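In: sharing a model that was predicted from the sequence below.
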Amino acid sequence: MSSEPLRPVYLLIGTDRPKHVRALRRLRSRFGAEAVEQLQAESASGEDAVAACNALGLFGGEDGGRLVIVHGIERWRKADVDAIAVYLRDPVAGAVLALVAEDTLRGAALTNLAEKHGRLLRYDVPKASNLQTWVRGELARMGITADAEAARALVELVGDDTVALASELEKLAAWAEGEPVGRSEVEQLVAPGREAAAWALTDAWGARDLAGLLAACELALEKKEPFLLAVGLASHVARVRAAQVLAVEGLGSREVAARLGMKDFPARKALQHAERYSREELDAALVRLAELDAAIKGASRLSGELELVRALIDVTRPEQVSAAAY
């Protein structure tokens, strides 16, 4: 993908999320930061994606190219797929549309379009019984030789979460520096019982733990694009702000959960986080995260990763510290 001619459309499907991330990075490396736009299918239709491709003349990079990435396209309906089909009959020269499925597609329409007009990139993690083979293959890709016992030990310690496995594999490869890896090395270096970090980012923000937040961000970027992390944090901050308003009215966690359409556990989390931020700080955080969204979508020439880190610092530091920094 790094040297072949670019196609009008790429469709990324399958369960191997680390390979999705690597494929998108390879695509993005062929465009300037200002020429990449990222959309979420939950809020962007097929026509929106087409419009973004057609905006090449206005927002394309210096070399004339433009990359539009749409995440979660399994949510799209027939009208959205039809819009893509019409566009691909006469795509804009220099525009590349990358469609990323985060779950199983409902039908074969998008798959057929990708095979006809571009490339279908299917990355699947093997079944649990073959996960050790996948681990050895990933280490081999990094230039590391590992025996079957090493692969078995890694799966035993980490589990079948490929994102967590990929993170530990990177650490092993960095430590090994090309030397073979066995079970003893894995048991020394890999932390047992590693759990998914689904709440790590928002928990660190809610605790105003900036160091923990930046560490969680670094780990999360191995799994997701900056755009998706920004969207997730913005949604959480909005829930915390809403929970704070209801708490002032005297509602408890169960009532807050019912009013906001949440389960009890996330509602309790939101209320806990609301205690550490003032109303003004939460309002300012929502504004800053909206600015981050615009920056990642192309308003800034900086990388999405750097913009995300800057925003995380801004929305976590105490208000007086943030103000003094400017």
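Out: Received the coordinates, thanks. Numbering: from 1, shown residues only.
In: how many neighbouring residues does residue 50 have?
Out: Residue 50 has 21 neighbouring residues, counting by other C-beta atoms under 10 Å. Heads up, the C-betas are built off the backbone N, CA and C, glycines and all.
In: setting the sequence-adjacent residues aside, check what's closest to it.
Out: residue 87 (4.4 Å; C-beta to C-beta, 6 or more residues apart in numbering).
In: all helices of the stretch 51-200 of the chain, in order?
Out: Under the criterion DSSP state H, counting those that start in this stretch, helices of the stretch 51-200 of the chain are mapped to 56-59, 78-89, 109-117, 131-141, 148-158, 162-176, 183-189, 200-206.
In: adding mean pLDDT and distance to residue 278, write those out as JSON lines.
Out: Shown next, in JSON lines, are the helices of the stretch 51-200 of the chain (pLDDT from 0 to 100; distance: least, C-beta to C-beta, whole Å):
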{"stretch": "helix 56-59", "mean pLDDT": "58", "distance to residue 278": "37"}
{"stretch": "helix 78-89", "mean pLDDT": "97", "distance to residue 278": "41"}
{"stretch": "helix 109-117", "mean pLDDT": "97", "distance to residue 278": "45"}
{"stretch": "helix 131-141", "mean pLDDT": "88", "distance to residue 278": "45"}
{"stretch": "helix 148-158", "mean pLDDT": "86", "distance to residue 278": "40"}
{"stretch": "helix 162-176", "mean pLDDT": "82", "distance to residue 278": "35"}
{"stretch": "helix 183-189", "mean pLDDT": "86", "distance to residue 278": "42"}
{"stretch": "helix 200-206", "mean pLDDT": "89", "distance to residue 278": "14"}
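In: excluding residues flanking it in the chain, which one is nearest the residue nearest the centre of the chain?
Out: With distances taken as C-alpha atoms, centre = their mean, residue 224 lies nearest the centre of the chain, 2.1 Å away. Leaving aside its chain neighbours, residue 224 sits nearest to residue 21 (7.4 Å; criterion: C-beta to C-beta, 6+ apart).
In: report the contact partners of that neighbour.
Out: 222-225 (C-beta atoms under 8 Å, 6 or more residues apart in numbering).
In: may I see the buried residues of the longest helix seen in the chain?
Out: The longest helix of the chain (DSSP state H) is helix 226-248. Neighbour counts over helix 226-248 (16 or more other C-beta atoms under 10 Å) mark 226-231, 233-234, 236-244, 246-247 as buried.
In: now that helix: average pLDDT?
Out: Here helix 226-248 scores 94 as its mean pLDDT.
In: residue 183: neighbouring residues, count only.
Out: Using other C-beta under 10 Å: residue 183 sits among 17 other residues.
In: isn't it up against residue 153?
Out: Yes. With contact defined as C-beta atoms under 8 Å, residue 183 counts as touching residue 153 (4.5 Å).
In: now do the contacts for the residue nearest to residue 155 when sequence neighbours are not counted.
Out: Spatially, and ignoring its direct neighbours in sequence, residue 155 is nearest to residue 131 (5.3 Å; C-beta to C-beta, 6+ apart). Residues counted as contacts of residue 131 (C-beta under 8 Å, 6+ apart) are 125, 155, 160, 165.
In: who's in contact with the last one?
Out: Spelled out, it's residue 165. 131, 135, 138, 154-155, 158-159.
In: next, give me the two most distant ones among these.
Out: Using C-beta to C-beta, those span at most 15.3 Å, a distance reached by 138 and 159.
In: higher neighbour count, those two?
Out: residue 138 (23 against 17).
In: tell me the one among the contacts of residue 165 nearest to residue 216.
Out: residue 158 (17.5 Å).
In: looking at this, residue 30 is in a helix?
Out: No. Applying DSSP: H, G, I helix; E, B strand; the rest coil, one finds residue 30 to be coil, outside a helix.
In: was I right to think residue 251 contacts residue 259?
Out: Yes. If you go by C-beta under 8 Å, residue 251 and residue 259 touch, sitting 6.9 Å apart.
In: these two: who's more crowded?
Out: Legend: neighbour count by other C-beta under 10 Å for residue 251 and residue 259, higher for residue 251 (18 against 15).
In: I'd assumed that one was in a helix, is it?
Out: No. Residue 251 sits outside any helix when classified using three-state DSSP, being coil.
In: OK, contacts around it?
Out: Contacts of residue 251 by C-beta under 8 Å, 6+ apart are residue 259.
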